[in-house]
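[1] Return atomic coordinates for the entry below.
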Amino acid sequence: MNSRSLGIALLVSGLTTVAADAAGAASIPEMIEASSLIVVGRVDAMQSQPASPSGSASVVISANRVLKGSPQGQVVVQLDQSNPDYGSVRPQQYGMFFLRQSARGGTYAATDPYTPALIASPISPKGFSSSDALTGVARELAGVLTTPPERLVGSGDPAAAQLSYSEAAAALQDLPLQTGGPALQAVANSNGGPGRVWAVASLLSSDNGPGSDIRQSQYLDLVKSFLLKPDANLAFTTSMVANAVQANVKSPAAIPTLTVLLGSPAVSVRRAAASALSDIATKQVIAPLANIALKDADQNVRYYAVLGLAEATGVTKSPTMPSFKQNEVAMLGFWRNWAKANVN
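    Below you'll find the predicted structure:
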C-alpha cells in the first residue's frame, strides 16, 4: 500500500470502528457472544453513586425488544465508572444494551464497559425476531438507517442525524459480512434518505471479496445523484462517502460514473473521482483526466490528473505531491500540450 492509499484508508477507518475504538474494547460479535441479555429500550432512571469506591451508577432500562436472554422484571444495570475511558449512558437514552449477569442478585453489568450500548431506533424493525441475536442486532442497526431524522434525533433536519447514521453504519461493518452485508444492501436499495447514503459508504468500505470490483461500481451508481448534487448541510456525509469512493473504487466499470462526478460542486467528490481514475490508470481514464480534471480549480484534483496521466500513459514518471507543488506550472503545461496533440 502506497502512502496515498494508506492516508485514505486512515480517513475511511472512522467508518469501520465503533465498538472497537477504545483500547481493550470488544468487537460487536464478541459482545453478542458474551452477553446474557441484549435489550433495546430506554434509560428510564439512573442514579450516580459517588460514595461507591468503584464509582458505579445504577441504571434502570425499560426494554421494548429482547434480542437475547429473558429479563426478569426491571432491567437494573450497575455501570462501572471508575475508568474515564469507559463508555457511559445518559438519561432517556434509547439504545441497544449488551448486558451480563452481575454478582448482585437480579442486576446486570455492561458486557463491555467500553461500549455498554449501541444506537437503536424507537421504531421496531420489520420482521423483528429474537431467535438469532446476531441477525437481530444487524436488523436493529439497519433500522436506524431507515428511520427518519425526526424519529431518531427529534429533529426534521437530516444534518442532525448524520452522526447517528454514521454510528449505525460503522457498527454494521463490525459484523461478519454475510450478516452485515445483506442488511446494508437492503438499505442501500431502499427509497432514499441520508441513512441510505451511509449504507452505501459502508458497503464501499467493507465489500472487498471476489467480484467486489463490479459491485463497487454498482454501489457508486446508487449514490451518484447524491454526490452530483450534495446537500450543503450534509457536508460530513458527503466527505465520508467521497473518502470511501477514493479508497475503494478501482474498477474500470466505474469510469463513466467517476467521469461524471468530476463535475460535482463538492471538492471532496471531485478529488475522490480524480484519485480513483488515477488508480485505475487504463487508457479509458486519459480523456476525463486530461479534458476535465487537469483544468479543475482545486490543486489536489489537478495533481491526481497529472498522476493518473503519467500512470496511464507511461510518458513521464509519476510525480509525488511535493514535486508537483514545486513544479506545477511546468507539469500542467506539459500535459496540456500533450493532451492537445493526443486526446480528442
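[2] domains in this protein, as residue ranges please.
    3-15+132-280, 28-114 (automatic domain parsing).
[3] pLDDT (mean, whole number) over the first one?
    Averaged across domain 3-15+132-280, the pLDDT comes to 89.
[4] Tell me how far it lies from the chain's centre.
    From the chain centre to the centre of domain 3-15+132-280 is a distance of 6 Å (CA atoms, centre = their mean, to the nearest Å).
[5] picking that back up, let me know which of the domains of the chain is tucked in deepest.
    Among the domains of the chain, the stretch with the highest mean neighbour count (mean count of other CB atoms under 10 Å) is domain 3-15+132-280, at a mean of 20. C-beta here means a position set from N, CA and C on the backbone, and glycine is covered the same way.
[6] For my notes, confirm residue 92 occurs in a helix.
    No. Secondary structure of residue 92 (DSSP: H, G, I helix; E, B strand; the rest coil): coil, not part of a helix.
[7] Contact partners for it?
    42-44 (CB atoms under 8 Å, 6 or more residues apart in numbering).
[8] for the stretch 51-200 of the chain, what spans make up the strands?
    Listed in chain order, the strands of the stretch 51-200 of the chain (DSSP state E, counting those that start in this stretch) span 56-68, 75-80, 94-101, 107-110, 117-119.
[9] now the first one: mean pLDDT?
    Confidence for strand 56-68, expressed as mean pLDDT, is 90.
[10] Repeat that for the fourth one.
    When pLDDT is averaged over strand 107-110, the result is 91.
[11] same deal with the shortest one?
    In this model, strand 117-119 carries a mean pLDDT of 95.
[12] What lies in contact with it?
    18-19, 28, 87, 89, 93, 95-98, 110, 137, 140-141, 144, 164, 167-168, 171.
[13] picking that back up, mind checking which of the contacts of residue 92 land in strands?
    42-44 (DSSP state E).
[14] Output the residues you listed in CSV; the columns should cover pLDDT.
    Shown next, in CSV, are the ones in strands among the contacts of residue 92 (pLDDT from 0 to 100):
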residue, pLDDT
42, 94
43, 93
44, 91
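[15] Would you check that residue 293 makes contact with residue 272?
    No. Using CB atoms under 8 Å as the test, residue 293 is too far from residue 272 to be in contact (11.5 Å).
[16] Verify the assumption that residue 254 is located in a helix.
    Yes. Looking at residue 254 with three-state DSSP, it is inside a helix.
[17] State the distance from it to residue 301.
    The gap separating residue 254 from residue 301 is 17 Å, by CB to CB, to the nearest Å.
[18] And for residue 29?
    In terms of CB to CB, residue 29 sits 40 Å off from residue 301.
[19] Could you do residue 138 as well?
    37 Å.
[20] what do you get for residue 284?
    From residue 284 to residue 301 the distance is 18 Å (CB to CB).
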